[in-house]
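Peer 1: All I have is the shape, not the residue letters:
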């Protein structure tokens, strides 16, 4: 497999616990209206959520494929129980679909088959990329903490070994995973008897410092950035690094507008400045950030494009 000549937009899996009908309707709109070529589907955070969406999965997959989208099934980012392992095996056994591995346990089930490495797998260096491709990976999504210099180095290697490189360019950043569910604990519930309390926070639960300043977001077992990653101003540099997949992480509002803005820049219909205005108008209630890209604290916003 060789690198694609032109970069494409991809849509990462929904990371939050939305009502099943909301989840279904979101993807039906994506199928009909969104200029993305790949759509990742699947429960990445909590295996208990997965059955909630099963009644709509066939309809969503069919509609996405009819809309010209490639559907890729994403695995859990962490396996700690028998339920997790059963779900992992079920997803890995899906025939006729590409699989995105977000936990190393998935590699046992898909070894030798073409597959995707998700951002939770931490492909930080050349050796890890070589290992993943030897196992059958044809596409690797870099972790969102990757700075520009890292993208450039790995982009060069990707071209040499024939693997596509993908990066997240928009959305809250996944920072850490825990065996415990912070959402449940906040409401004095255990992980096993959570009653799906995470469904009250459609874009995650903001975590504040003692001074009342928001600085992180909680999504079940996942810790995310409070800020929203936005690399619209860096697209030309990212593409020049050899990146061929530009991933947008979905949120409850503004995702279609986000896709439209990035597509406008890719296809020279909008300038980065014009797209930035559209993104500002449709963003979630959190500031933008791009610090990791510039080797700065991730929550920072670098407006002058300095790599110093």
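Peer 2: Cool, the structure landed. Quick caveat: nothing in here was measured; it's all calculated off a predicted structure.
Peer 1: mind listing the helices in this protein by residue range?
Peer 2: Using DSSP state H, the helices found in the chain span residues 20-33, 50-66, 82-92, 107-110, 126-135, 148-161, 182-186, 235-240, 255-266, 272-282.
Peer 1: pLDDT on the longest one, on average?
Peer 2: So the one you mean is helix 50-66. For helix 50-66, mean pLDDT is 95.
Peer 1: just the helices of the chain: most buried one?
Peer 2: When you average the neighbours per residue for each of the helices of the chain (mean count of other CB atoms under 10 Å), helix 255-266 leads with a mean of 21. All C-beta atoms are positioned from the backbone trio N, CA, C, and that covers glycine.
Peer 1: Just want the angle from it to helix 20-33.
Peer 2: 30 degrees (axes from the mean of the first three to the mean of the last three CA atoms, to 10 degrees).
Peer 1: what does helix 255-266 contact?
Peer 2: Helix 255-266 has contacts (CB atoms under 8 Å, 6 or more residues apart in numbering) with 7, 9, 11, 26, 29-30, 33-36, 169-170, 232, 235, 246, 248, 269-272, 274-276, 278-279, 281-282.
Peer 1: ok now that helix, how far from the chain's centre?
Peer 2: 16 Å (CA atoms, centre = their mean, to the nearest Å).
Peer 1: How about stretch 280-293?
Peer 2: Taking CA atoms, centre = their mean, one finds stretch 280-293 lying 15 Å from the centre of the chain it belongs to.
Peer 1: Ok, stretch 171-181 next?
Peer 2: With CA atoms, centre = their mean, you get 12 Å for stretch 171-181.
Peer 1: Correct me if wrong: residue 34 contacts residue 10.
Peer 2: No. Counting by CB atoms under 8 Å, residue 10 is not a contact partner of residue 34; they are 10.7 Å apart.
Peer 1: Would you mind measuring from the nearest residue to residue 142 once chain neighbours are set aside to residue 86?
Peer 2: Nearest non-adjacent residue to residue 142, counting by CB to CB, 6 or more residues apart in numbering: residue 167, 5.1 Å away. Per CB to CB, to the nearest Å, residue 167 is found 31 Å from residue 86.
Peer 1: Equivalent analysis for residue 215, please.
Peer 2: Counting by CB to CB, the separation of residue 215 from residue 86 is 36 Å.
Peer 1: For the stretch 101-250 of the chain, give me the ranges with low pLDDT.
Peer 2: Of all residues in the stretch 101-250 of the chain, none has pLDDT under 70.
Peer 1: can you put the helices of the chain in TSV and add distance to residue 196?
Peer 2: Formatted as TSV, those follow (distance: least, CB to CB, whole Å):
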stretch	distance to residue 196
helix 20-33	11
helix 50-66	8
helix 82-92	14
helix 107-110	27
helix 126-135	33
helix 148-161	37
helix 182-186	9
helix 235-240	37
helix 255-266	22
helix 272-282	28
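Peer 1: Which of those helices sits closest to residue 117?
Peer 2: Comparison of these against residue 117 by CB to CB identifies helix 126-135 as nearest, at 4.9 Å.
Peer 1: residues in contact with that closest one?
Peer 2: Residues from elsewhere that reach helix 126-135 (CB under 8 Å, 6+ apart): 107, 111-112, 117, 121-123, 140, 153-154, 157-158, 161-163.
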